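Asks: Dropping the sequence and predicted coords here.
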Amino acid sequence: MKSHIQNPSRQRGVKIRSQIERGIREFFDQDGFMEVRTPILVPCPGMEVHIRPFQTTRGEYLHTSPEFAMKRLLVGGLEKIYQLCPVFRDEPLSSTHHPEFMMVEWYRANAGYEEIMADVERMFHSLAKKIHGKGSILYQGCEINLTPPWPRLRVRDLFLEHVGVDLVAASRLEDMRIQCSRLKLTFQETDTWDDLYFRIWLNLIEPRLPADRAVFVTRYPASQSALAVVDSDPDGSQWAKRFEVYAGGLELGNAFEELTDPVEQRRRFNADMDLREEIYGATFPRTPLDEKFLAALEQGMPPSGGIAMGVDRIVMLMADEQDLDYTVWLTPG
């Protein structure tokens, strides 16, 4: 049984986990980052529409990310910070997700998401060299090249290439319904534009990302900007300065060029809570805004880039393991 504590796959996975966590710390320490520790028990969880937090009997939440607290440290004058910590998300158990998992999150003040991409490339290449002695890894029978620079693939280009959908031309809900029907994807009348976007992405585009390279997927629709800066292409279309990291079919991390405008951030938080209320009603109620974080933004946060990455999935990749269960000593329960 996979849960048996003496399973050799678990022993190997946890040994590689130890190497990876040590290697991550070495990488950032050598690059002049400061390791920080912020509270796990918080009054306000992340504000993402669909990410469910765990709430304690006293009313606080287990954090879904250390993001808000770490950004307050940027306001406080720290410039290059990272953290390895457990985070908690009340989402279904699967081969690639546990409700409690390890995250590495880091920020650079006075930097953008291009600098964060360079960090990711160098960190992965360093870990591969440390664990496997070369700049590539074997994952599920496929050799994956981790040598920088990695390809940058724009979301709009991927939709055009793989399914013939121009996200600018299909900017209305009715347009996306037509495209889903053309692509023979079923949908509900209650689905939003973003729901249909993800239906196309998860079924028809994500599986076609390069198998032999780690890649960055960049420039997301403005509706998925969350805490990211939004800017315009020459044609006037707006896109979030955001990227996600993919390798071996695994989504490994999510990064932003960070929004620093407190008024716009409050507006987005409230819009997200309105949308959550509309979708879930009383089954997933609004959560309070993090007023300390918003107050810190009002004091002035420097232009910054940041990213959160799932360490357990990095271990899966480096250990050539399909099941996250084998990357931890013990699972809950």
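Replies: That came through fine. Numbering: from 1, shown residues only.

Asks: Is it correct that residue 95 is in contact with residue 323?
Replies: Yes - applying Cβ atoms under 8 Å as the test, residue 95 and residue 323 come out as touching, 4.7 Å apart. The C-beta positions use only the backbone N, C-alpha and C, and glycine is treated the same way.

Asks: Just give the nearest non-adjacent residue to the residue nearest the centre of the chain, would you?
Replies: Geometric centre of the chain, nearest residue: residue 254, 2.7 Å, by Cα atoms, centre = their mean. If you skip the residues right next to it in sequence, residue 254 has residue 244 as its closest partner in space, 5.3 Å away by Cβ to Cβ, 6 or more residues apart in numbering.

Asks: What number of neighbouring residues does the one you found come out with?
Replies: 17 (other Cβ atoms under 10 Å).

Asks: pLDDT score assigned to it?
Replies: In the predicted model, residue 244 carries a pLDDT score of 98.

Asks: next one: residue 328
Replies: In this prediction, residue 328 has a pLDDT value of 85.

Asks: quick revisit: I'd assumed the residue nearest to residue 254 was in a strand, is it?
Replies: Yes - counting by DSSP: H, G, I helix; E, B strand; the rest coil, residue 244 is located in a strand.

Asks: My read is that it contacts residue 256, right?
Replies: No - in this structure, residue 244 sits apart from residue 256 without contact. The criterion is Cβ under 8 Å, and the distance is 10.5 Å.

Asks: hey, what's in contact with both of those two?
Replies: When contacts are counted by Cβ atoms under 8 Å, 6 or more residues apart in numbering, residue 244 and residue 256 have no shared neighbour.

Asks: tell me which element residue 307 is part of?
Replies: In the assignment (DSSP states H and E), residue 307 maps to strand 304-310.

Asks: Now that strand: average pLDDT?
Replies: When pLDDT is averaged along strand 304-310, the result is 97.

Asks: Please shift the residue numbers so they start at 462 in all later answers.
Replies: All right, first residue 462 from here; so that's strand 765-771.

Asks: quick one, phi psi at the residue nearest to the centre of the chain?
Replies: Backbone dihedrals for residue 715, given as degrees, to the nearest 10, come out at phi -130, psi 130.

Asks: Hmm, it is touching residue 771, no?
Replies: No - if you go by Cβ under 8 Å, residue 715 and residue 771 don't touch, sitting 9.4 Å apart.

Asks: that older thread, paired strands for the strand holding residue 768, with orientation please.
Replies: The pairing partners recorded for strand 765-771 under DSSP bridges are strand 561-570 (antiparallel), strand 711-718 (antiparallel).

Asks: I'd like to know how far residue 764 sits from residue 482.
Replies: Counting by Cβ to Cβ, to the nearest Å, the gap between residue 764 and residue 482 amounts to 30 Å.

Asks: can you pull out the helices in the stretch 612-761 of the chain?
Replies: With DSSP state H, counting those that start in this stretch as the definition, the stretch 612-761 of the chain shows helices at residue ranges 616-624, 634-643, 654-661, 723-741, 752-761.

Asks: what sits up against the first one?
Replies: Contacts with helix 616-624, where a contact means Cβ under 8 Å, 6+ apart, come from 626-629, 640, 644, 661, 665-666, 669-670, 678-682, 698, 700.

Asks: Restricted to buried residues, select those residues in ChimeraX.
Replies: Only the buried entries of these go into this ChimeraX selection, using 16 or more other Cβ atoms under 10 Å:
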select :626,628,629,640,661,665,666,670,678,679,680,681,682,698,700
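
Asks: Take the contacts of helix 616-624 and keep only those in strands.
Replies: Within the contacts of helix 616-624, membership in strands is found for 678-682, 700, as judged by DSSP state E.

Asks: Which of these sits closest to residue 688?
Replies: Nearest to residue 688 out of those is residue 681 (Cβ to Cβ; 12.1 Å).
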